[in-house]
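A.B. asks: Fold the stuff below for me.
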Amino acid sequence: MFKVTKEFAYLALTFLTLVAGYAYLRYAYKVTDSTPFTQEIVLIILGTIATVFITALLLNKQSSVEIEKEQSIKFLDLKAQTYEKLLDLMEDMVSQNSISELDITKLQFITHRLAIFASPDVLNEYTGFLDFIKTVSKDGNLSKDADVISQALGKLTIQIRFDLLGENKEQKVYSIEQVKKMIRKNSDNSLHLNIEHR
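C.D. replies: Residues are numbered from 1 along each chain as shown. The predicted structure follows:
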């Protein structure tokens, strides 16, 4: 709101300067018909003031665009770190051929991080992934399920790639309620996974 007010103020000042300059110029032409040098000075001053205001407006707009760009880069970096932690955790679990209580706790915390950063498509795929992990980890041993886990993780990884690179052309549109349900389901799944593992 403040940004719009500031831009409007710059435009209003520019407009007032041009109107006042035009009125003064008309007056200066009539008064100084015999001295064209004075008319040129008035034009130079008017042009300089208008240029200063327009430049200030453009610099202000450029600064706000740069701030938005910097914020989106930081957000993308946090998102990538969250996805990387999830993939590292899954790599550790599969390489150890077991799932420990610590792994389940880490999955719970990643669930909450994904609720903040992930796109709805990633949340939806992660829901299916948690359901799958809950099914295969009942005995605590993942050695016989490594290939199937890898396939499920591959589907999740594709959605992560689409989210990070913005490549998904067939992206579904989710309502806020649908996203909330996915987040609740992911949280419940990771909680049930922890209870069942104990």
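A.B. asks: before we move on, which element is Met93 in?
C.D. replies: Assessed by DSSP states H and E, Met93 sits inside helix 36-96.
A.B. asks: how far out from the middle of the chain is that helix?
C.D. replies: Taking CA atoms, centre = their mean, to the nearest Å, one finds helix 36-96 lying 13 Å from the centre of the chain it belongs to.
A.B. asks: Against which helices or strands is that helix packed?
C.D. replies: On a contact count with 3 or more CB pairs under 8 Å, 6 or more residues apart in numbering; DSSP states H and E, helix 36-96 meets helix 2-31, helix 101-117, helix 146-165. C-beta: built from backbone N, CA, C; applies to glycine.
A.B. asks: Next, the angle from that helix to helix 101-117.
C.D. replies: Counting by axes from the mean of the first three to the mean of the last three CA atoms, to 10 degrees, helix 36-96 lies at 160 degrees to helix 101-117.
A.B. asks: check contacts around the closest residue in space to Asp121 that isn't next to it in sequence.
C.D. replies: The spatially closest residue to Asp121, leaving aside those adjacent along the chain, is Gln159, at 5.0 Å (CB to CB, 6 or more residues apart in numbering). By CB atoms under 8 Å, 6 or more residues apart in numbering, the contact list for Gln159 reads 119, 121-122, 124-125, 168.
A.B. asks: For these, which single residue is the most surrounded?
C.D. replies: Note: the member of the contacts of Gln159 with the most neighbours is Val122, at 26 neighbours, neighbours being other CB atoms under 10 Å.
A.B. asks: how far away is that residue from Gln81?
C.D. replies: Between Val122 and Gln81 the distance is 14 Å, computed by CB to CB, to the nearest Å.
A.B. asks: Ok, Met93 next?
C.D. replies: Computed with CB to CB, the distance linking Met93 and Gln81 is 19 Å.
A.B. asks: Quick one: mean pLDDT for stretch 177-185?
C.D. replies: This predicted structure assigns stretch 177-185 an average pLDDT of 69.
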